[in-house]
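Engineer: Would you be able to build a 3D model of this:
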Amino acid sequence: MKLLKTLLRNQTGQALPTVLILLLLGGFFVVPSLTLMSTSLNANRVVEGNTLELYAADAGVEKVLWHIRHDGDFTLPAEGAGHSFPQFQINDKTVEPSITRNAGEEGYRITSTATSDDGDSTTVESYVELLDLSNFLDSAITSNGDVEISPNCTISGNVTYSGTIDNKGEIIDGCEINEDTVWPDAEDLTYYYWWQVKDLSPYPSDTISVADGTEADPVSIGPLYRDGDLNIAGNGYGRLDGTVYVTGDFAIAPNPTIDLNGQTILAEGTVTIQPGASLRGSGCIIAMNKNNETVACDIQPNMEQDTDDFVLIMAYTGAVFLKPNGDFYGCVVGEALVDMQPNSTLYWREVGEGELNFPGEDDTSNRVVKILTYTIK
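Structural biologist: So this is what the prediction gives:
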């Protein structure tokens, strides 16, 4: 025990050199560590600045997109022209957005530059195009598949198809055009109409009765959003006064008389108009056919149209079975089976701007914009 105590006493002071050596070595790392921290802080400051510039430039793009979609007073530039928006401040950056339409291009180029006080800048360039389905109104029948025209049917206008045609009827004032048809995205088409009813509370019933409607005082239908199926019934008169958007199937029973009144019915499921129902006026009837039924639109009403009316029947997928009682003024879009009553005719004519609630480049509001490219410079 005495020997151990003696050895321990003899170790006194030996830790000091070790500590001094460690302090010396640590001193060598202080300056590089401080330099690294300074570099990291500067790099973070630069990254943060660039990020704020990017967010600011992106805000300029979003500003232009908002005007395109929802500003009814905003006019899109003509081919070869452009439009600059007023500068605005965000994130302490000055943002300059603009939109141009290059000659020979269908889309539009949105450019937004965000500039910092030190002169650094970030530019976002995005090419966009609008949902424009006006080409679907150029023919009596436009099909992304096959067309079948039954005997005794007369089609006045062109028949455009990308598959095959079985024409047992007669085409007058038009011709058969075999070419591919560009089909829209389902999300874009449904969004166009959903936006028109998005603020409405869901309609609570699956049936609307027009039994109390008279020709002079029809039952008003729409604007309306129905989460589920919707049927129109009753031996009376109804009139569409806004977009009818149905997430399920839509049907009109045999008795009602419905004035489309320039409005649109869109069903995410199928559309059925039974024999005995009557249609008046102009409008659009669209079935998205989300369950991929063979027949998306089964249209067999009595037609009470004037020659200046126009009804578009469209199936996003599946077939349109059109068998109206009487002459039909309008067009059919989708795989088409046209089986009209003998001596009846499908009459096509040119549609004027704003005549139908249907996506077109001439829309002044509620445009659907598809972003094609997004580049950071």
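
Engineer: where do the strands sit along the stretch 1-150 of the chain?
Structural biologist: With DSSP state E, counting those that start in this stretch as the criterion, the stretch 1-150 of the chain has strands at 82-84, 88-90, 93-100, 108-115, 121-130, 141-143, 147-149.

Engineer: List the neighbouring strands of the fifth one plus their orientation.
Structural biologist: When pairs are called by DSSP bridges, strand 121-130 turns out to pair with strand 108-115 (antiparallel), strand 369-376 (antiparallel).

Engineer: So for Thr214, which of the ones you listed sits nearest?
Structural biologist: strand 369-376 (42.8 Å; C-beta to C-beta). The way it works is simple: take the backbone N, C-alpha and C, and place the C-beta from them, glycine included.

Engineer: mean confidence score for that closest one?
Structural biologist: In this model, strand 369-376 has a mean pLDDT of 85.

Engineer: do the same with stretch 123-132
Structural biologist: On average, stretch 123-132 scores 89.

Engineer: Tell me the buried residues in that stretch?
Structural biologist: 123-128, 130-132 (16 or more other C-beta atoms under 10 Å).

Engineer: ok so, going back, just the strands of the stretch 1-150 of the chain: most buried one?
Structural biologist: Highest mean neighbour count of these: strand 141-143, a mean of 26 (counted as mean count of other C-beta atoms under 10 Å).

Engineer: That one - contacts with which helices or strands?
Structural biologist: Contacts defined by 3 or more C-beta pairs under 8 Å, 6 or more residues apart in numbering; DSSP states H and E place strand 141-143 against strand 159-161, strand 328-338.

Engineer: Neighbouring strands of the last one in the sheet, and parallel or not?
Structural biologist: Using DSSP bridges, the neighbouring strands of strand 328-338 in the sheet come out as strand 141-143 (parallel), strand 147-149 (parallel), strand 311-322 (parallel), strand 344-347 (parallel).

Engineer: ditto for the shortest one
Structural biologist: In the sheet containing strand 159-161, the strands it pairs with under DSSP bridges are strand 141-143 (parallel), strand 176-178 (parallel).

Engineer: With respect to Pro184, which of the strands paired with strand 121-130 lies nearest?
Structural biologist: Closest of these to Pro184 is strand 369-376, at 9.1 Å (criterion: C-beta to C-beta).

Engineer: which residues sit against that closest one?
Structural biologist: By C-beta atoms under 8 Å, 6 or more residues apart in numbering, the list of residues contacting strand 369-376 from outside reads 54, 57, 65, 68-69, 107, 122-131, 185, 188.

Engineer: rerun at 7 Å
Structural biologist: The set of residues external to strand 369-376 that reach it, using C-beta atoms under 7 Å, 6 or more residues apart in numbering, is 54, 65, 68-69, 107, 122, 124-131, 188.

Engineer: chain center to that strand: distance?
Structural biologist: Centre-to-centre, strand 369-376 and its host chain are 15 Å apart (C-alpha atoms, centre = their mean, to the nearest Å).

Engineer: Which positions in it come out as buried?
Structural biologist: Of the residues in strand 369-376, Val369 count as buried by neighbour count, 16+ other C-beta under 10 Å.

Engineer: Equivalent analysis for stretch 70-86, please.
Structural biologist: Within stretch 70-86, the residues scored as buried using 16+ other C-beta under 10 Å are 74, 76, 83, 85.

Engineer: Could you do stretch 167-181 as well?
Structural biologist: For stretch 167-181, burial by neighbour count (16+ other C-beta under 10 Å) applies to 167, 169, 171, 174, 177, 181.

Engineer: Restricting to C-alpha, output it in PDB.
Structural biologist: The C-alpha coordinates for stretch 167-181 follow below in PDB (Å, rounded to 0.1, in the frame of the first residue of the first chain):
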ATOM      1  CA  ASN A 167     -72.000   4.000 -93.500                       C
ATOM      2  CA  LYS A 168     -75.300   2.500 -94.500                       C
ATOM      3  CA  GLY A 169     -76.900   5.900 -94.600                       C
ATOM      4  CA  GLU A 170     -76.200   9.000 -96.600                       C
ATOM      5  CA  ILE A 171     -73.800  11.900 -96.100                       C
ATOM      6  CA  ILE A 172     -74.800  15.200 -97.700                       C
ATOM      7  CA  ASP A 173     -73.000  18.500 -97.700                       C
ATOM      8  CA  GLY A 174     -70.000  16.800 -96.200                       C
ATOM      9  CA  CYS A 175     -67.500  14.000 -96.600                       C
ATOM     10  CA  GLU A 176     -65.800  11.200 -94.700                       C
ATOM     11  CA  ILE A 177     -62.500  12.300 -93.100                       C
ATOM     12  CA  ASN A 178     -60.200   9.600 -91.700                       C
ATOM     13  CA  GLU A 179     -57.700  11.200 -89.400                       C
ATOM     14  CA  ASP A 180     -56.500  11.000 -85.800                       C
ATOM     15  CA  THR A 181     -58.300  13.200 -83.300                       C
END
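
Engineer: Beta-bridge partners for the residue nearest to Leu65 when sequence neighbours are not counted, please?
Structural biologist: Spatially, and ignoring its direct neighbours in sequence, Leu65 is nearest to Val369 (5.9 Å; C-beta to C-beta, 6 or more residues apart in numbering). As for beta bridges, Val369 partners with Leu130 under DSSP bridges.
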